[in-house]
Every structure is written in structure tokens, then in C-alpha cells.
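>>> show me how the following folds:
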Amino acid sequence: MLRNEGQTVNQATAALEGKSVSEKNELLFARGVNFNDLPLWQKRGVGVYWQSVEKTGVDPLTQEATVTTRRRIHVDKELPVGPDYGELLSRIIDATSSVRRGCP
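As a prediction, this is how the structure comes out:
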């Protein structure tokens, strides 16, 4: 918002530097934005990571039902905070490590 008001990057950065969370919230509120009303992804950011999913299909040669594991990009717009965030990172790292080792 400071940039939209004509401040340079350096000016806007200097204006926010050293401010507490409540001071930053007041700065937003003075400009008509209630931080508590913003969606989580705007407050905490967005996580983008690989996620393993099982896919069922049919083997074209034997006509047998098969299940395989595939990876897809997952966009998480509701990142947790505190210890739950650390647990999320651990799960992502563990999943990535097992894929690199060739484990499902």
C-alpha cells in the first residue's frame, strides 16, 4: 500500500522496519484493511509442494486392475502456524526423501 501511495521501495521498507505486528496492523487499518479479515493465504503465504496420490487403472496387456502411486503438485492456501508448520515441513521432506530413494 505504501508503494501505491508513491513511496519508493527503500522508503516503504524503512517505514516498516522495526515496527511491531500491532503497528503494522494499525498501518493497514488506517488504510481501510482489517488484517483479521484477510484470507489465510494472504496472511501466511501459499505452499506449493509435491503430493503422492494413488491411481487405479487397468493393465492393457492382462486386463488386471492395478494401483500405482503418482505425484502431483499441491497448492496449500491454508498453511498452519507454530509447531504444526514444522510438522508439515517434516512430512514434505520425508515424502520427498522417500521418492528420491524410490520408495512409495
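>>> so R31 touches K24, yeah?
No: between R31 and K24 there is no contact under CB atoms under 8 Å: 11.4 Å. (C-beta placed from N, C-alpha, C; glycine too.)
>>> can you tell me how far Q42 is from L79?
11 Å (CB to CB, to the nearest Å).
>>> tell me where the model's unsure across this structure.
Within the chain, the stretches with pLDDT under 70 are 98-104.
>>> CA atoms only for the lengthiest helix in it - export them in CSV, please.
Scanning the chain for the helix with the most residues, using DSSP state H, yields helix 83-100. The C-alpha trace of helix 83-100 is given here as CSV (Å, rounded to 0.1, in the frame of the first residue of the first chain):
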residue,chain,number,x,y,z
PRO,A,83,4.6,-26.5,15.7
ASP,A,84,2.1,-27.6,13.1
TYR,A,85,4.1,-25.8,10.4
GLY,A,86,7.2,-27.7,11.4
GLU,A,87,5.3,-30.9,11.2
LEU,A,88,4.1,-30.1,7.7
LEU,A,89,7.6,-29.4,6.6
SER,A,90,8.8,-32.7,8.1
ARG,A,91,6.1,-34.6,6.3
ILE,A,92,7.0,-32.9,3.0
ILE,A,93,10.7,-33.5,3.5
ASP,A,94,10.1,-37.2,4.4
ALA,A,95,7.9,-37.7,1.4
THR,A,96,10.5,-36.1,-0.9
SER,A,97,13.3,-38.2,0.6
SER,A,98,11.3,-41.5,0.1
VAL,A,99,10.6,-40.6,-3.5
ARG,A,100,14.3,-40.0,-4.2
